[in-house]
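A.B. asks: turn this into a model:
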Amino acid sequence: MIIASLIFLIGTACIIRVLLRPHRDPASRLAWIAVVLAVPLFGVIAYILLGETNIGRNRVVRLRRIVAGLPRPHDIEGWDRALPPQEAHDPYEQLFNVGRSISGYGAVTGNRATLMPDSDATIDKMVADIDAARAHVHLMFYIWLPDTNGTKMADALKSAAGRGVVCRAMVDDLGSRALINSPHWAEMAKAGIRLARALEVGNLLIRAVVGRVDLRNHRKILVIDNEITYCGSQNCADPAFLPKAAYAPWVDAVMRFEGPVVRQNQHLFACDWMESHDEDIGGVVQAPLGTVEPGFTAQVVASGPTTRASAMPEMFQSVMYAARRELVITTPYYVPDEATQSALCAAANRGVRVIIVFPARNDDFAVGAASRSYYLDLLTAGATIFEYQPGLLHTKSMTIDGAVTLIGSANMDRRSFDLNYENNILLHDPDLTAQMRARQDAYIADSREVILAEVEAWPWTKRLWNNTLAIVGPLL
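C.D. replies: Next up, the predicted model:
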């Protein structure tokens, strides 16, 4: 009786915490309450481990202090040359305002970019740029594997460090565990490369108490000499992606940028670096901006568990609502919140041509099943859904009206919405968007269309499975 009363009191306290916790959507609160009521002890333990977006008080304080003290790009000498002319009204100004409200980076003009042909070509071009570096190379990957492409990157950094280039390489402590535990990590340190591990796990028991283990730095950033940066979905690995080779090839899209937007990615890297490493690299961020050549408008949009709540889904939703004629999306992981799903359906209902491309086989069975639970409403609203066949489509991209592109690391799922640190670039340029749109068409050509009649004919067992796993989405 005493034990039962104690369990009841603990469960009640946990439910009160769920109800009082800020920035929780109602579906998430309801899901956690249901779990705690159904399996009290397990539910309470699960909530302690996974229920709150908490990276640890000390990390939050440190990161805020770093951001407050680090020079912002708009404060550097010559930044006024990167600002769009006041008389040149951009029809997508409101989208850039949303991006600025998330990470503080405003829209800047004078940018140029190239969409890389494929994953191997991306690594080769990165290596070539590192080989040509004169001052510094800053690199961040969520996953860096000690495979062919991963070794190429390590060798390029070692060579650059050997000729006096300052090389700083940072990886997520969990996602890049294979590299950290390989001889390459020690060899890179010996070669003079400055290394850092983002969000170090340490002791699992202590980590679980002071902050969630599964909050990760999912960003992919490369900055060279304040002149070149890359942004996209690709990790530093072969397309074969050996840890999950059964789903290969992994198909990614990456853009190589030049112009003032590079400095925003540099600032983002510096924030991450200084949170994980004691070295102050504010001087690199503060270096005066050089000549700004003609180019398009762009902006870094970065999010994470220490930015304001619902930042990334708000960016996605704003792009969806901005579409007037066409909205094309590719994403490997689709477990949206209610507002994102509603925004997609609303776009289709108002006559926008909405096309979404998912992988046919998902490396996460639960996410794949949960994604399909949303098909019926999307198709009923008039959206077109394709499933990519040759491998795992890992590209995270949005294009609207042949004019605007959003590309980066963020998926349309709860992890990218609330738990992971992400980096993306929003740009307004018809020519570059046409390149991205052509890439999306290439994905569609290798895909199978999913039609409404097919989804309506799914057996009740499949619908039950998909819908049940979708309910779990808000818990994570």
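A.B. asks: going forward, measure contacts and count neighbours with C-alpha atoms only.
C.D. replies: OK.
A.B. asks: I figured residue 471 hits residue 29, correct?
C.D. replies: No. Under the criterion of CA atoms under 8 Å, residue 471 is not in contact with residue 29, lying 11.7 Å apart.
A.B. asks: measure residue 261 to residue 217 for me?
C.D. replies: Here residue 261 is placed at a distance of 21 Å from residue 217 (CA to CA, to the nearest Å).
A.B. asks: give me the more crowded residue out of those two.
C.D. replies: The residue with more neighbours, out of residue 261 and residue 217, is residue 261; 29 against 26, by other CA atoms under 10 Å.
A.B. asks: so who does the more buried one touch?
C.D. replies: Neighbouring residues of residue 261 by CA atoms under 8 Å, 6 or more residues apart in numbering: 108, 111, 298-300.
A.B. asks: what separates the helix or strand where residue 439 lies from the chain centre, distance-wise?
C.D. replies: Assigned by DSSP states H and E, residue 439 belongs to helix 430-445. Its chain's C-alpha centre and that of helix 430-445 lie 20 Å apart, by CA atoms, centre = their mean, to the nearest Å.
A.B. asks: check stretch 343-358 too.
C.D. replies: Put simply, stretch 343-358 sits 22 Å off its chain's centre (CA atoms, centre = their mean).
A.B. asks: quick one on the thing from earlier: select, from the contacts of residue 261, the two members most distant in space.
C.D. replies: 111 and 300 (12.0 Å; CA to CA).
A.B. asks: tell me where the model's unsure across the stretch 101-250 of the chain.
C.D. replies: Applying pLDDT under 70 to the stretch 101-250 of the chain flags residues 203-211.
A.B. asks: what's the next secondary structure element after the helix holding residue 439?
C.D. replies: strand 447-450.
A.B. asks: quick one: name whatever helix or strand follows that next one.
C.D. replies: Per DSSP H and E, the helix or strand that comes after strand 447-450 is helix 452-456.
A.B. asks: what mean pLDDT does the helix or strand following that following helix have?
C.D. replies: Next helix or strand after helix 452-456 toward the C-terminus (DSSP H and E): helix 460-472. Helix 460-472 carries an average pLDDT of 89.
A.B. asks: could you dump helix 460-472 to CSV, C-alpha only?
C.D. replies: Only the C-alpha atoms of helix 460-472 are listed here, as CSV (Å, rounded to 0.1, in the frame of the first residue of the first chain):
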residue,chain,number,x,y,z
TRP,A,460,-6.4,-1.6,-41.3
THR,A,461,-3.4,-3.3,-39.8
LYS,A,462,-1.0,-1.1,-41.7
ARG,A,463,-3.0,2.0,-40.8
LEU,A,464,-3.1,1.0,-37.2
TRP,A,465,0.7,0.5,-37.2
ASN,A,466,1.4,3.8,-38.9
ASN,A,467,-1.0,5.8,-36.7
THR,A,468,0.2,4.2,-33.5
LEU,A,469,3.8,5.1,-34.2
ALA,A,470,2.8,8.7,-35.2
ILE,A,471,1.3,9.1,-31.7
VAL,A,472,4.8,8.4,-30.3
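A.B. asks: against which helices or strands is it packed?
C.D. replies: helix 365-372 (3 or more CA pairs under 8 Å, 6 or more residues apart in numbering; DSSP states H and E).
A.B. asks: mind checking the end-to-end distance for stretch 215-234?
C.D. replies: Distance across stretch 215-234, first residue to last, is 19 Å (CA to CA).
A.B. asks: and for residue 96, nearest residue in space, chain neighbours not counted?
C.D. replies: In this structure, residue 96 finds its nearest non-sequential neighbour in residue 107, 5.9 Å apart by CA to CA, 6 or more residues apart in numbering.
A.B. asks: can you pull the contacts of that neighbour?
C.D. replies: Contact partners of residue 107, counting by CA under 8 Å, 6+ apart, are 83-84, 96, 100, 297-299.
A.B. asks: so which helix or strand takes in residue 377?
C.D. replies: Element membership for residue 377, per DSSP H and E: helix 375-381.
A.B. asks: what mean pLDDT does that helix get?
C.D. replies: pLDDT averaged over helix 375-381 gives 98.
A.B. asks: now it - C-alpha only, CSV.
C.D. replies: C-alpha atoms of helix 375-381 as CSV (Å, rounded to 0.1, in the frame of the first residue of the first chain):
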residue,chain,number,x,y,z
TYR,A,375,-0.2,10.6,-46.5
LEU,A,376,-4.0,10.5,-46.5
ASP,A,377,-4.6,14.1,-45.4
LEU,A,378,-1.8,15.4,-47.7
LEU,A,379,-3.2,13.5,-50.8
THR,A,380,-6.8,14.5,-50.0
ALA,A,381,-5.7,18.1,-49.9
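A.B. asks: what is it packed up against?
C.D. replies: Packed next to helix 375-381, using 3+ CA pairs under 8 Å, 6+ apart, are helix 338-349, strand 384-388, helix 452-456.
A.B. asks: that one: which residues count as buried?
C.D. replies: Using 16 or more other CA atoms under 10 Å as the burial criterion, the residues of helix 375-381 that qualify are 375-376, 378-379, 381.
A.B. asks: pretty sure residue 231 contacts residue 425?
C.D. replies: Yes. Residue 231 is in contact with residue 425 according to CA under 8 Å; the separation is 7.0 Å.
A.B. asks: before we move on, the earlier item: between residue 111 and residue 300, who's got more neighbours?
C.D. replies: With neighbours defined as other CA under 10 Å, residue 111 and residue 300 compare such that residue 300 has more, 30 against 22.
A.B. asks: now that one, nearest residue through space, not along the chain?
C.D. replies: Using CA to CA, 6+ apart, the closest residue to residue 300 is residue 425 (4.5 Å).
A.B. asks: so which elements touch the helix or strand containing the one you found?
C.D. replies: Per DSSP H and E, residue 425 falls inside strand 422-428. If you count contacts as 3+ CA pairs under 8 Å, 6+ apart, strand 422-428 packs onto strand 228-232, strand 296-303, strand 404-408.
A.B. asks: apply 7 Å and report the result again.
C.D. replies: strand 296-303, strand 404-408 (3 or more CA pairs under 7 Å, 6 or more residues apart in numbering; DSSP states H and E).
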